[in-house]
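In: how would this look folded up:
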Amino acid sequence: MDFQTVGNKIIGNVVPVPGQFNKDLSVNLQGYRDHISFLLEHNMKVFYLAHSASEFGFMTLSERIEVTKTVSLAVGDNGIVLAQAVGGGWGEEQTTEAKMLYDAGATAIVVMPVPIKEGSTFFNCKYLRSGYSADRHDDYYVDYMEKFAVDTGAPLVFHDKLFGNGLGLSYDALERISQIENIVCLKIHMADPCARQAIYSTLGQKVASYDGLHKPLQLWSLIWGASARHTNYAWFDPDHEENFFNFVKEGSYEKAIDLVNKEWPLANVIRLTGYRGFKEVMRIVGLPSGPVRIPGEQLSDHHKKIILEAVTETGITTKI
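Out: The predicted structure follows:
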């Protein structure tokens, strides 16, 4: 699949595939197959194996390759798979993993470059050059992505990780990165509305783009020009997410806002319970779920009770 075709397919809801684990925390490959089957039946077409939401950062390299292969085969020609190359402490290791994930069946590779070192001190005095500077760092990141493109030959999604200032790379750097032939999408994490508006209203017209923020912010991202949106909520209610995206794109904003308002009971309990809370919702509605590898993410009986109450209040029903 050529670069432009891949980019054109990153539209709508991007579903970060949740990690599927057995009780002993071994990888549950059948859980992945069953959940992908459910999501495909509900018109989800873009799947993302992510460092955080998919718990890729809590897996070994061999597990990430095995999961990528399993998910890619389950999706087949019915959608595309974006896989994040976690790598290690340097770009060469990240590039090596990217090639392996691409060979395992991923359609495109998500790249979050090795970060700059922030917060350093010298004799307990703050190192004044520790923060991001466009003049000192932009060329490094552009060169990083150009080399990544040449070394992998794969379609790439640039993941713009925030710096300590709460912003990502400068607009100029993002524009230069978006012009690299292999770059099919920009994944933006800046909550700052001015930064997002500038990016989506201009670069969003040239390359696919989306962010991992919540619906109230994504509503504006989509209005400004984002082609897609990251959604964990699709794990258990993909129809709700499809409606939200379509309502925003057709200008039915009141309907989109109504969907957001319906979610607040569940949003509040997920805030208390984290990813394990998401998995409990999946269990309640009859989807593959299981534990998480994230330390400390266990649920008490009280947590399970309030999650069930929120699921009932929100109106999510049994899926399979």
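
In: what sits against the nearest residue to residue 114 once chain neighbours are set aside?
Out: Spatial nearest neighbour of residue 114, excluding adjacent residues (C-beta to C-beta, 6 or more residues apart in numbering): residue 91 at 5.8 Å. In this view, the C-beta of every residue, glycine as well, is placed from N, C-alpha and C. Going by C-beta atoms under 8 Å, 6 or more residues apart in numbering, residue 91 touches 113, 114, 144, 147, 148.

In: cool, and residue 244?
Out: 215, 256, 259, 260.

In: can you redo those residues as CSV with neighbour count and secondary structure?
Out: What follows is those, written out as CSV (neighbours: other C-beta atoms under 10 Å; DSSP: H, G, I helix; E, B strand; the rest coil):
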residue, neighbour count, secondary structure
215, 20, helix
256, 24, helix
259, 17, helix
260, 15, helix
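
In: quick one: which of the residues you listed is nearest residue 68?
Out: Comparing the contacts of residue 244 against residue 68 with C-beta to C-beta places residue 215 closest, at 28.1 Å.

In: Quick check: closest non-adjacent residue to that closest one.
Out: Spatial nearest neighbour of residue 215, excluding adjacent residues (C-beta to C-beta, 6+ apart): residue 260 at 4.9 Å.

In: State the distance from the one you found to residue 272.
Out: Distance of residue 260 to residue 272, computed by C-beta to C-beta, to the nearest Å: 19 Å.

In: chain center to the lowest-mean-pLDDT helix or strand in the chain: distance?
Out: Least confident element among the helices and strands of the chain, by mean pLDDT, DSSP states H and E: strand 121-122 (a mean of 77). How far strand 121-122 lies from its chain's middle: 34 Å, per C-alpha atoms, centre = their mean, to the nearest Å.

In: same deal with stretch 68-86?
Out: Distance, stretch centre to chain centre, for stretch 68-86: 14 Å (C-alpha atoms, centre = their mean).

In: just stretch 66-78 next, same as before
Out: 17 Å.

In: buried stuff in it?
Out: Neighbour counts using 16 or more other C-beta atoms under 10 Å place 66, 67, 68, 69, 70, 71, 72, 74, 75 of stretch 66-78 among the buried residues.

In: Perfect, that will be all.
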